[in-house]
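In: Provided below are the primary sequence and the corresponding predicted coordinates.
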Amino acid sequence: VIEIGQPEHSVITTCAYCGVGCSFKAEMRGDELVRMVPWKDGKANRGHSCVKGRFAWGYATHQDRILNPMVREKISDPWREVSWEEAFGHISSEFRRIQQTYGKGSVGGITSSRCTNEETYLVQKLVRQGFGNNNVDTCARVCHSPTGYGLGQAFGTSAGTQDFDSVEETDVVLVIGANPAAAHPVFASRLKKRLRAGAKLIVIDPRRTETVRSAHVEAEYHLALTPGTNVAVMTAIAHVIVTEGLFDESFIRERCDWSEFEDYAEFVADARHSPEQTEQYTGVPAEMVRQAARLFATGGNGSIYYGLGVTEHSQGSTTVMAIANLAMLTGNIGRPGVGVNPLRGQNNVQGSCDMGSFPHELPGYRHVSGDAARETFEMLWGVKLDREPGLRIPNMLDAAVDGTFKALYIQGEDILQSDPDTKHVSAGLAAMECVVVHDLFLNETANYAHVFLPGSTFLEKDGTFTNAERRINRVRKVMAPRNGLADWEVTQRMAQAMGLEWAYTHPSQIMDEIARTTPSFSGVSYSRLEELGSVQWPCNEAAPEGTPIMHMNGFVRGRGKFLRTEYVPTDERTGPRFPLLLTTGRILSQYNVGAQTRRTANVVWHDEDVLEIHPHDAEQRGVREGNWVRLASRAGETTLRAHVTDKVAPGVVYTTFHHPETQANVITTDFSDWATNCPEYKVTAVQVKPSNGP
Ligand code: SF4
């Protein structure tokens, strides 16, 4: 039994876990948070929440929080607490020294999808205006960067096309590479309600997840494909729709380029894309693909929801394009109840991408080579901007190992634990001369840092997050920053130490600058957010109250673009030494690498990471439920307990990566998406053997 005091006042704010973006009433007694109550008027959650948003906020006051800046000359030295002034002075002189010695492009910054829009905007501004290059990237690099590329190519903008409300008008739901029941629970409950009312569900996923089957809900079709074959399955679905004449010709003629469609139709109609031909390597029975394709094409309003099981592949961007093709092919875009929806894993993945934190894009998805957009910022910031794209995170690490990249500011991101190929990440970090980690805790990356800047939680700052339906929600300060400065103030003080004349006194002024420079945000202001509660971008003169459904009268790019989606097998192959395929994911009570949930008092957060293995594969190896097993790949090895279950198919194993000791990314490969370098976390050839324990 937990005793809680009576609240004295409350503040409406937004959950900082997943991309559903639930609103909460934070009930306070003095400066102490008493409880988080899901807010009935929150437009994304309408009074609902999951366990994480409601209960997993204890990390905010955890004893592991670092509250003072720290500096050390070498990473083998002990940390030395310093004043903020000394820390900023040290960073400023080190970054200037490094740029003078190694060149302007030898430094960069990484932002986080955990931070607010305003904080992310400031980090990319610091890099572009202060460092004078485009070496800025975000943790979306390792999750949804293929969404940016694929949807950008097909539709002209990188975002979910419909709002959560419109699931209530959907007749057929296709979920691919996502498990909303575990990762986006509040959206999942709205989805289940619709399914119970008669909508049909198709799931494409190697595992029989809680989304495939749960109380009162079961998917009509579960296409349990071999990991890495998404493109083949999606193209086979399109093959059936095209060859059986089930496509929406009038939509395609009206909204897309007909000659591109004809080229695409000829491509998918080829017999090599048929369900019968692809079955041999996708593992999905041809007849099931045919039935699922017919249902999606003829079952009424169709919506597609997808997650990292789509993007974190060597063909992540191609699968996103295949999803866009399917929506256009069936006329399922641009009205309520239909659309394409990337389910964002972290609270502000959408916002961090919107805010220009990619090395090739300015805020609002405008390429750095575009003169008009660059000039907007040049006029305002008083500097000439680089028109060449900068380095992505993996390129920064490669350049560090090569000796040309020397200093990095990392805000709210533990790249050593969350990025692939841990050995390469540590080699890159170790080769740098100044690594600045700005975070709540001394994370794994901080082992390689020269400066540590204490960060603030979402409870300690004002700002905005943008959820998976493009909804900009206010984050309101519930308690004073324990370290004395909110994260936006830290970045501003660092910029000032480097000589930049920034003078924001409140995040609302940062949003005003975003609105002045970014057409899709031109109608957004804190006063508009107070008035409406939240708005979905684009919010501008044409849509002053925001845009729940995108592409209603035409695609952002003009005509929708069909793209050929040739299946190319991943270079990661099974063989006698590594005969199984490992895929990874998240469970309801865990959140990513656990920085917050592992530091919140409640037993439910501390479930260990286990390896799911099919009974047949377990028996072959003499492995029983709960046994220790050694999991080895070409990249490395680790030790876990086995969970024997037929949720995974024979030949496939699965784990989560919540605890640092699991070291899941020691196992993963360095293969990545061909277009964006998003790592291929979801396919690793492995061997499993009995073990005596770690
Ligand atoms: Fe937070 Fe996501 Fe849970 Fe909502 S569904 S309470 S946003 S973790």
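Out: Ah, there it is. Residues are numbered from 1 along each chain as shown.
In: got the contact list for residue 30?
Out: Contacts for residue 30 (C-beta atoms under 8 Å, 6 or more residues apart in numbering) come out as residue 8. All C-beta atoms are positioned from the backbone trio N, CA, C, and that covers glycine.
In: Wait, a helix at residue 27?
Out: No. Residue 27: not assigned to a helix; according to DSSP: H, G, I helix; E, B strand; the rest coil it is strand.
In: what's the distance between it and the ligand?
Out: Residue 27 sits 16 Å away from the ligand, taking C-beta to the nearest ligand atom, to the nearest Å as the criterion.
In: Neighbours of the residue nearest to that residue when sequence neighbours are not counted, how many?
Out: Closest residue in space to residue 27, ignoring its immediate chain neighbours: residue 7 at 3.5 Å, by C-beta to C-beta, 6 or more residues apart in numbering. Residue 7 has 16 neighbouring residues, counting by other C-beta atoms under 10 Å.
In: pretty sure residue 7 is touching residue 28, no?
Out: Yes. Residue 7 sits in contact with residue 28 when judged by C-beta atoms under 8 Å, with a separation of 6.0 Å.
In: so what sits against both of these two?
Out: residue 34.
In: now what about the helix ranked longest in the chain, what contacts it?
Out: As assigned by DSSP state H, the longest helix anywhere in the chain is helix 84-102. Applying C-beta under 8 Å, 6+ apart, the external contacts of helix 84-102 come out as 69-71, 82, 106-107, 131-132, 404, 406-407, 409, 433-434, 436, 450-451, 453, 484-485, 493-494, 496-499.
In: Of the residues you listed, keep whichever come out buried.
Out: Buried by 16 or more other C-beta atoms under 10 Å: 69-71, 82, 106-107, 131-132, 406-407, 409, 433-434, 436, 450-451, 453, 485, 493-494, 497-498, out of the contacts of helix 84-102.
In: Contacts for the worst-scoring helix or strand of the chain on mean pLDDT next, please.
Out: Lowest on mean pLDDT, DSSP states H and E among the helices and strands of the chain sits helix 664-667, with a mean of 76. Applying C-beta under 8 Å, 6+ apart, the contact partners of helix 664-667 are 417-423, 582, 584, 609, 631-633, 635-638, 655-657, 681, 684, 686.
In: just the helices in the stretch 1-150 of the chain please.
Out: For the stretch 1-150 of the chain, applying DSSP state H, counting those that start in this stretch gives helices covering 51-55, 84-102, 117-125, 145-155.
In: Tell me which of those is the most buried.
Out: Per residue and on average, the most neighbours among those fall to helix 117-125, with a mean of 29 (mean count of other C-beta atoms under 10 Å).
In: And that one, what does it pack against?
Out: Under the contact criterion of 3 or more C-beta pairs under 8 Å, 6 or more residues apart in numbering; DSSP states H and E, helix 117-125 touches strand 107-111, strand 136-138, helix 349-354, strand 407-411, strand 463-466, helix 487-497, helix 507-517.
In: and the angle from the first one to helix 84-102?
Out: Computed with axes from the mean of the first three to the mean of the last three C-alpha atoms, to 10 degrees, the direction of strand 107-111 lies at 130 degrees from that of helix 84-102.
In: for the last one, same thing?
Out: Orientation note: helix 507-517 sits at an angle of 30 degrees relative to helix 84-102 (the same axes, to 10 degrees).
In: which helices and strands does helix 507-517 pack with?
Out: Packed against helix 507-517 by the contact rule (3+ C-beta pairs under 8 Å, 6+ apart) you find helix 117-125, helix 371-381, strand 463-466, helix 526-532.
In: at 7 Å what do you get?
Out: helix 117-125, helix 371-381 (3 or more C-beta pairs under 7 Å, 6 or more residues apart in numbering; DSSP states H and E).
In: Check the shortest one too.
Out: In terms of contacts (3+ C-beta pairs under 7 Å, 6+ apart), strand 136-138 is packed against strand 107-111.
In: Next, count neighbours for the residue in the stretch 301-450 of the chain positioned nearest to the ligand.
Out: Nearest to the ligand in the stretch 301-450 of the chain, going by C-beta to the nearest ligand atom, is residue 347, at a distance of 6.7 Å. Residues near residue 347, counting by other C-beta under 10 Å, number 30.
In: Residue 532 too?
Out: 15.
In: you'd agree it is up against residue 544?
Out: No. Using C-beta atoms under 7 Å, residue 532 makes no contact with residue 544, being 9.4 Å away.
In: Just to be sure, residue 642 is in a strand?
Out: Yes. Using three-state DSSP, the assignment for residue 642 is a strand.
In: need the contact list for it.
Out: By C-beta atoms under 7 Å, 6 or more residues apart in numbering, residue 642 lies in contact with 610-611, 613, 618, 623, 625-627, 629.
In: pLDDT value on it, please?
Out: The score at residue 642 is 96. That number is its pLDDT.
In: Look up how far residue 52 lies from the closest residue to residue 587 other than its chain neighbours.
Out: Closest residue to residue 587 apart from its sequence neighbours, by C-beta to C-beta, 6+ apart: residue 182 at 5.3 Å. Using C-beta to C-beta, to the nearest Å, residue 182 is found at 11 Å from residue 52.
In: go on, residue 191?
Out: Distance from residue 191 to residue 52, counting by C-beta to C-beta: 18 Å.
In: quick one, phi psi at the closest residue to residue 273 other than its chain neighbours?
Out: What sits nearest to residue 273 in space, not counting adjacent residues and going by C-beta to C-beta, 6+ apart, is residue 239, at 4.4 Å. Taking degrees, to the nearest 10, you get phi -60, psi -50 for the backbone angles of residue 239.
In: thinking residue 239 is in contact with residue 269, fair?
Out: Yes. Contact criterion C-beta under 7 Å: residue 239 and residue 269 qualify, at 6.5 Å.
In: Common neighbours of these two, please.
Out: Common neighbours of residue 239 and residue 269, counting by C-beta under 7 Å, 6+ apart, are absent.
In: So the two - more neighbours on which side?
Out: A direct count of neighbours by other C-beta under 10 Å for residue 239 and residue 269 places residue 239 higher, at 26 against 13.
In: returning to what we had before: can you tell me which of the helices of the stretch 1-150 of the chain is nearest to the ligand?
Out: helix 51-55 (2.3 Å).
In: near the ligand at all, the closest one?
Out: Yes. Residues of helix 51-55 are located near the ligand by C-beta under 6 Å from any ligand atom, namely 52-53.
In: got a list of contacts for that helix?
Out: 15, 17, 22, 24, 36, 38, 588-589, 591, 597, 602, 604.
In: Repeat the analysis, applying 6 Å as the threshold.
Out: With C-beta atoms under 6 Å, 6 or more residues apart in numbering as the test, helix 51-55 has contacts from 15, 17, 22, 36, 591.
In: So of these, which two are at opposite extremes in space?
Out: Within these, two members stand farthest from each other by C-beta to C-beta: 36 and 591, at 15.0 Å.
In: follow-up on the earlier one: filter the contacts of residue 642 to the buried ones?
Out: Using 16+ other C-beta under 10 Å as the burial test, the contacts of residue 642 include 610-611, 613, 618, 623, 627, 629 as buried.
In: Tabulate those in TSV, adding columns for pLDDT, distance to residue 100 and secondary structure.
Out: Shown next, in TSV, are those (pLDDT from 0 to 100; distance: C-beta to C-beta, whole Å; DSSP: H, G, I helix; E, B strand; the rest coil):
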residue	pLDDT	distance to residue 100	secondary structure
610	90	51	strand
611	94	50	strand
613	97	55	strand
618	97	59	helix
623	96	57	coil
627	95	57	coil
629	96	52	strand
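In: Specify which member of these is nearest to the ligand.
Out: The ligand lies nearest to residue 610 out of those, by C-beta to the nearest ligand atom, at 22.0 Å.
In: What residues does this protein have near the ligand?
Out: 15, 17-18, 20-22, 45, 49-50, 52-53, 184-186.
In: how far does stretch 234-249 sit from the chain's center?
Out: Remark: stretch 234-249 is offset 30 Å from the chain centroid, using C-alpha atoms, centre = their mean, to the nearest Å.
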